[in-house]
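1. just a sequence and a predicted model for now, questions to come.
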Amino acid sequence: MSKIFIVEDDMTLYEELKSRLEEWDHTVTGVSDFGNVVHDFIQSEPDLVIIDITLPKYDGFYWCRRIRDISSVPIIFLSSRDHPSDMVMSMQMGSDDYIQKPFNFEVLVAKIQALLRRAYQYREQDMDVVGFRDAVFDFKKLTVSREGNVLDLTKNESFILSILVGSRNQVVSRETLIEQLWDDAKFISDNTLTVNINRIRKKLEEMGLEDAIITKTGLGYMLKE
């Protein structure tokens, strides 16, 4: 579960974003004082920030720069302003992406998940191994071990599980899994993904790791600790 901090003064949009993102098991917090956004940011300790440009008192560029001065957290601008100079300025202030309103929510979710993976999953891979429950996933060997037993996985199964482990307790969409596998030069269809997920589940259950992969209907999959 990731924590997302939204800097948006349109409360209707904020509540809609909050509701939709919570469906993806994200925790969402907002701003209580637009004159001191950094204070709310520090209190929230978020994994990602979504920020508008046009805000009361100071604009989003100002707060992006202030946040970037103290944190490397991923930042997405969400704005109705479409001038190229605004997009350039957002990047110069330290943002990671820029989405123009009106926007497609599925696109926003895909960008959020991609930034979270880029920012946090690869840090875990640098550690070589990651534990979940009482098992250990080795990112280099792409193996799962538990109580001295090593789980035998195919290449696709190993890669899928590595993505789920890197994003554990977060929902990963089917589209994201397929895109990641395709990016890795492995063609995989929607049906093939279903087959691989079912095989991984069965193998984890054989190791005593029951209900490790949860299906979020209409959303995707989550590796639950």
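-> Received it, and whenever you're ready, just let me know what you need.

2. give me the next element, helix or strand, following the longest helix seen in the chain.
-> In the chain, taking DSSP state H as the definition, the longest helix is helix 190-206. Using DSSP states H and E, the helix or strand that directly follows helix 190-206 along the chain is strand 213-216.

3. nearest residue to the middle of the chain?
-> residue 113 (2.9 Å; CA atoms, centre = their mean).

4. how about the contacts made by that residue?
-> Going by CB atoms under 8 Å, 6 or more residues apart in numbering, residue 113 touches 167, 170, 172, 173, 176. Where C-beta positions appear, they are placed from N, C-alpha and C, glycine not excepted.

5. now do it, the pLDDT please.
-> Here, the pLDDT recorded for residue 113 equals 84.

6. measure residue 222 to residue 133 for me?
-> Using CB to CB, to the nearest Å, we find residue 222 at a distance of 14 Å from residue 133.

7. the two: which is more packed in?
-> Legend: neighbour count by other CB atoms under 10 Å for residue 222 and residue 133, higher for residue 222 (21 against 16).

8. would you mind writing the CA trace of the one helix or strand the more buried one maps to as CSV?
-> Using DSSP H and E, residue 222 sits within strand 220-223. C-alpha atoms of strand 220-223 as CSV (Å, rounded to 0.1, in the frame of the first residue of the first chain):
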residue,chain,number,x,y,z
GLY,A,220,-5.3,-6.5,-11.2
TYR,A,221,-3.2,-8.6,-8.7
MET,A,222,-1.6,-7.9,-5.4
LEU,A,223,1.0,-9.9,-3.5
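
9. tell me the mean pLDDT for it?
-> 90.

10. tell me how far that strand is from the chain's mean position?
-> Remark: strand 220-223 is offset 12 Å from the chain centroid, using CA atoms, centre = their mean, to the nearest Å.

11. what's that strand packed up against?
-> When contacts are defined as 3 or more CB pairs under 8 Å, 6 or more residues apart in numbering; DSSP states H and E, strand 220-223 packs onto helix 155-166, helix 174-183, strand 213-216.

12. hey, least reliable of these by pLDDT?
-> helix 174-183 (a mean of 75).
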